[in-house]
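Visitor: build the 3D model from these lines:
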Amino acid sequence: MASLRKVVVCELLSLDGVAENPNVFFTEWDDEADAAGSDWIATQDAVILGRHSYDEWVGFWPDSAIEPFATFINTAPKYVVTSAPLDPDWANASAIEGGLVDFVRDLKNQPGGDIGVHGSISVAQALLAAGLVDELKVVIAPAIASTGRTLFDGLPPIRLALIRSVISSMGYLVLDYRVLP
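Guide: Predicted structure coming up:
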């Protein structure tokens, strides 16, 4: 049976592939980069987060006025990879029980929209390695970070097919890929 839902990894990267601390190399936005973020969430109705991302985001997004992402992330079900209780609480957030890969396999086969993975490097890597990611969407900043965790460290070879590419007015690369079997 074909999956009903897609898992879509959405990441902000430096030109050298660093995904950690994107606020260091994403210091301003243009209309095209902004539109990419809106496009990413348009088909998503659930999010998977790692614990580190959850802890960072729960302190920012509940009170944020950055739209449309604030409304999206605050209302969407958030499934968090963690072995500890979620504290502080965040609306519609719950800890994943059992293993991540089995949880995502089950979630993909339930009715609903796309499942987003935003920012959570280790979650994105685990799902890419397990072959559970359907699409990879990145905005690449015109900057070299030189240090920090990269998205693709330790992954097996993965073939991609380009769905969309945009070069923004400020030099950001907006790239959407389908992950090939």
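Visitor: any idea which helix or strand in the chain has the lowest mean pLDDT?
Guide: Within the chain, no helix or strand scores below helix 31-42, which has a mean of 91 by mean pLDDT, DSSP states H and E.
Visitor: hmm, who's touching that helix?
Guide: For helix 31-42, contacts defined as C-beta atoms under 8 Å, 6 or more residues apart in numbering pick out 8, 10, 68-69, 72, 116, 118, 137, 139, 166-170, 172, 174. C-beta coordinates here come from the backbone N, C-alpha and C atoms, glycine included.
Visitor: derive a PyMOL selection command for the buried subset of the residues you listed.
Guide: The PyMOL selection below is limited to those of these classed as buried (16 or more other C-beta atoms under 10 Å):
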select buried, resi 8+10+69+72+116+118+137+139+168+172+174
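Visitor: helices - which of the contacts of helix 31-42 land there?
Guide: Within those, residues falling in helices by DSSP state H are Phe69, Phe72.
Visitor: tell me which entries of the contacts of helix 31-42 lie within strands.
Guide: Those of these mapping onto strands are Val8, Cys10, Gly116, His118, Lys137, Val139, Val166, Ile167, Val174, per DSSP state E.
Visitor: look up how far Val81 lies from the last one.
Guide: In this case it means Val174. 27 Å (C-beta to C-beta, to the nearest Å).
Visitor: leaving out the residues flanking it, which one is nearest to Gly116?
Guide: In space, Gly116 comes closest to Gln44 once its chain neighbours are excluded; the distance is 4.1 Å by C-beta to C-beta, 6 or more residues apart in numbering.
Visitor: and for the one you found, the neighbour number?
Guide: By the criterion of other C-beta atoms under 10 Å, Gln44 has 22 neighbours.
Visitor: now do Val101
Guide: Val101 is flanked by 14 other residues according to other C-beta under 10 Å.
Visitor: other residues contacting the helix or strand hosting it?
Guide: Val101 belongs to helix 100-108 when assigned by DSSP states H and E. Applying C-beta under 8 Å, 6+ apart, the contact partners of helix 100-108 are 3-7, 46, 48, 79, 81, 96-97, 115, 123, 126-127, 130, 132.
Visitor: again, but for stretch 73-90
Guide: For stretch 73-90, the surrounding residues in contact (C-beta under 8 Å, 6+ apart) are 44-51, 54, 57-58, 61-62, 91-96, 100, 103, 107, 116, 118, 120, 122-123.
Visitor: separation between the residue positioned nearest the centre of the chain and Arg159?
Guide: For the chain, His118 is the residue whose C-alpha lies nearest the centre (C-alpha atoms, centre = their mean; 2.1 Å). Between His118 and Arg159 the distance is 23 Å, computed by C-beta to C-beta.
Visitor: likewise Phe69?
Guide: Distance of Phe69 to Arg159, computed by C-beta to C-beta: 30 Å.
Visitor: same check on Thr82?
Guide: From Thr82 across to Arg159, the span is 32 Å (C-beta to C-beta).
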